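A.B. asks: Here is my input; please provide its structure:
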Amino acid sequence: MYSIILMLHSWLRWIALAGGIGTTISRKERSALFTMIALDLQMLLGLLLYLVVSPNMAEIRAHFGEAMQNAQLRFWAVEHLTAMFVAIILAHVGNVMARKAANAEAAGKRRMIFFGLATVLMLVGMPWPGLPYGRPLFRF
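C.D. replies: Just a heads-up that it's a prediction; the model follows:
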């Protein structure tokens, strides 16, 4: 179960990232909804990994103080989680703000700003290969 959820989480990140970029560029409501669905699924899978099925995270949570002193473990315990949560919050807030906008131009501008910030956070919070905490681009 762990490997399946990890693989889905790994592959779905590309859909979420593409959606964030697409929404930032297109500023369309439909794109924003697609992106938020992908982000919410990512969050669900990520929380399952973090709280339930990942043996690595269970070990990190069991020795949290020690993990905070190790940059690689701290990334997984705090930095990845925080960046992604803030990205999801920005996307949802941006969508609400866009719906409350006075006109389509203002709505598009709000989507561009909020989804652009969310996309930057997604990029920062991803475990890119070559970094100390890096992971493969695609898991099989």
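
A.B. asks: what about the spatially most central residue of the chain, which helix or strand?
C.D. replies: Centroid-nearest residue in the chain, with Cα atoms, centre = their mean: Met84, separated by 3.7 Å. Element membership for Met84 (DSSP states H and E) is helix 80-99.

A.B. asks: Packing partners of that helix?
C.D. replies: Secondary-structure packing of helix 80-99 (3 or more Cβ pairs under 8 Å, 6 or more residues apart in numbering; DSSP states H and E): helix 29-48, helix 104-125. Every residue, glycine included, has its C-beta placed from N, CA and C.

A.B. asks: now those helices as CSV including mean pLDDT?
C.D. replies: Listed next are the helices and strands packed on helix 80-99 as CSV, based on pLDDT from 0 to 100:
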stretch, mean pLDDT
helix 29-48, 97
helix 104-125, 98
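
A.B. asks: will you turn those into TSV that also has mean neighbour count and distance to Ala77?
C.D. replies: What follows is those, written out as TSV (neighbours: other Cβ atoms under 10 Å; distance: least, Cβ to Cβ, whole Å):
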stretch	mean neighbour count	distance to Ala77
helix 29-48	18	13
helix 104-125	19	13
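
A.B. asks: so can I have a markdown table of those showing distance to Ser3?
C.D. replies: As requested, the helices and strands packed on helix 80-99 are exported to a markdown table (distance: least, Cβ to Cβ, whole Å):
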| stretch | distance to Ser3 |
| --- | --- |
| helix 29-48 | 12 |
| helix 104-125 | 22 |
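
A.B. asks: Now do the end-to-end distance for stretch 20-35.
C.D. replies: Across stretch 20-35, the terminal residues are separated by 6 Å (Cα to Cα, to the nearest Å).

A.B. asks: Perfect, I'm done here.
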